[in-house]
Every structure is written in structure tokens, then in C-alpha cells.
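Participant: Below is the sequence, then the predicted model.
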Amino acid sequence: MSYGGGDKCDGCSKTVYSAEEVRSEGRRFHKRCFICSVCHKSLDSTTVASHNDDLFCKSCYGKQFGPKGYGYGVGAGVLSMDKAESYGVTHEEPRPRSTNSPNPTQQASRYGGADKCARCGKSVYANEKVIAAGSSWHKNSCFSCASCGKGLESTTLNDKDGQIYCKGCYGKEFGPKGYGYGGGAGALTNTQ
């Protein structure tokens, strides 16, 4: 133990006290200094991996030092830790990824946004979201029959062309027509 307050952090070389100390492989860190050296994500005992005194999250460690080759997301035929330069393989820089995401739900969850309600078009957050007919809906205001406005549940709805209906309205709008189905001869209809 050194004089002057306590042991030194292996990340920033400042004094680290026991209340804020994290230990890994005999080394001491501040909680804020216990981060991946590549992506700078916070680490804990289940996500840390080290190599030559550098700390990595498991994902970055695998990308840096894991196996490469066919089946590991690199090229075909080379299953080793080297980059295959001895075989005449040259590596291209990865192309920048498109910002146009085909799945807006993934994009929204990744950047803190929210899905859009199929009825009103406003943001739907997790505590008020119901998913039906492949879309997100506000549970209390928009998750209702498109014809009569009656509130719906997952067991009492039918969908058609992106809209949701109660079973009764769905049957009237899109069900079979004719004698015996409530729309043919003998049915009481109000015509004016």
C-alpha cells in the first residue's frame, strides 16, 4: 500500500478508495475507469476480458482476438488466428453502414425513440404499447375497433388492411353476405 491515501487505480493512476474500487486479476480500478479499451462500455465481473493488461468487453475481445475465417464472419477457408497474409489475402476496410434501417423498431430501440402508433401516428412507449396486426397501438386510446370504437383485447379482435375491428364489426363488414348471414331476405334492415 502506498502512502498518500491509498492504492493507485491502474486506469488513471489516481488514488482509489475501497468504496469505489473494482478489482480484476489483482489490479485495482475506479468504477468509472473499469471500461472496455475499444468501445468504452462499463465492465463488470461477467463482461470483462483482458489481454496484455488491456481490458475488453467480451464482444470487443472476440472481434480483436477471437477465431477468424469461414463460419466466424471473415473469409472462406482460413480457420486460424492470423489474418492470412501469408496466403496472399488482402483485407478491405469495412464500408460504412447505411443509416436507412429496414426495421424502424430496431432503429427506435437503439437510439431511444419509440414505435409509432398505427392509428394516431404518435410515439408509443413500452408502458402504453400493445402489439396487434403487426403494429404498435396505444393501449387505452387507440386500441379500439375502427368501426364502433369499442375497446379491444387480444382475444376479441380481427384485423384487415392494417386496421383492427371487434368480432361483430368485422363480421358485418367483411363476413359472408346473403340469406342466413343477417344481410339477406328476412333480415330486418332500416332503409330510408
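Facilitator: Structure received. Numbers count the residues shown, from 1 in each chain.
Participant: switch to C-alpha atoms for all contacts and neighbour counts from now on
Facilitator: Noted.
Participant: Which SSE is immediately downstream of the helix or strand of the chain with the lowest mean pLDDT?
Facilitator: Taking mean pLDDT, DSSP states H and E as the measure, helix 104-110 is the helix or strand of the chain with the lowest mean score, a mean of 50. Moving toward the C-terminus from helix 104-110, the first helix or strand encountered (DSSP states H and E) is strand 115-116.
Participant: Which helix or strand lies directly C-terminal to that next one?
Facilitator: strand 123-124.
Participant: Just the mean pLDDT for that following strand, thanks.
Facilitator: The pLDDT scores in strand 123-124 average 87.
Participant: Tell me the strands beside it, with direction?
Facilitator: With DSSP bridges as the test, strand 123-124 is paired with strand 115-116 (antiparallel).
Participant: ok, the closest residue to Asn158 other than its chain neighbours - contacts?
Facilitator: Nearest residue to Asn158 in three dimensions, chain neighbours excluded: Tyr165, at 5.3 Å (CA to CA, 6 or more residues apart in numbering). Neighbouring residues of Tyr165 by CA atoms under 8 Å, 6 or more residues apart in numbering: Ser144, Cys145, Ala146, Ser147, Leu152, Leu157, Asn158, Asp159.
Participant: how about the fourth one, what does it touch?
Facilitator: To tie it back to what came earlier, the one meant is Ser147. Tyr165, Cys169.
Participant: State the pLDDT value of the residue nearest to Arg32 when sequence neighbours are not counted.
Facilitator: Spatial nearest neighbour of Arg32, chain neighbours left out: Ser42 (7.3 Å); criterion: CA to CA, 6+ apart. Looking at Ser42, its pLDDT stands at 87.
Participant: what about Cys117, neighbour count?
Facilitator: Cys117 has 21 neighbours, counted by other CA atoms under 10 Å.
Participant: I should have written Thr47 there, sorry.
Facilitator: Neighbours of Thr47 under the rule other CA under 10 Å: 13.
Participant: any idea how far Val22 is from it?
Facilitator: Distance, Thr47 to Val22, by CA to CA, to the nearest Å: 13 Å.
Participant: can you check Lys150 too?
Facilitator: Lys150 sits at a distance of 56 Å from Val22 (criterion: CA to CA).
Participant: Likewise for Cys117?
Facilitator: Taking CA to CA, one finds Cys117 at 44 Å from Val22.
Participant: Next, give phi and psi for Phe56.
Facilitator: phi -140, psi 150 (degrees, to the nearest 10).
Participant: wait, I meant Tyr170
Facilitator: Torsion angles, degrees, to the nearest 10, at Tyr170: phi -60, psi -40.
Participant: hmm, back to that, wait, the residue nearest to Arg32 sits on Ile35?
Facilitator: Yes: Ser42 lies in contact with Ile35 (CA atoms under 8 Å); the separation is 4.5 Å.
Participant: who's more crowded, the two?
Facilitator: Each of Ser42 and Ile35 has its neighbours counted (other CA under 10 Å); Ile35 has more, 21 against 16.
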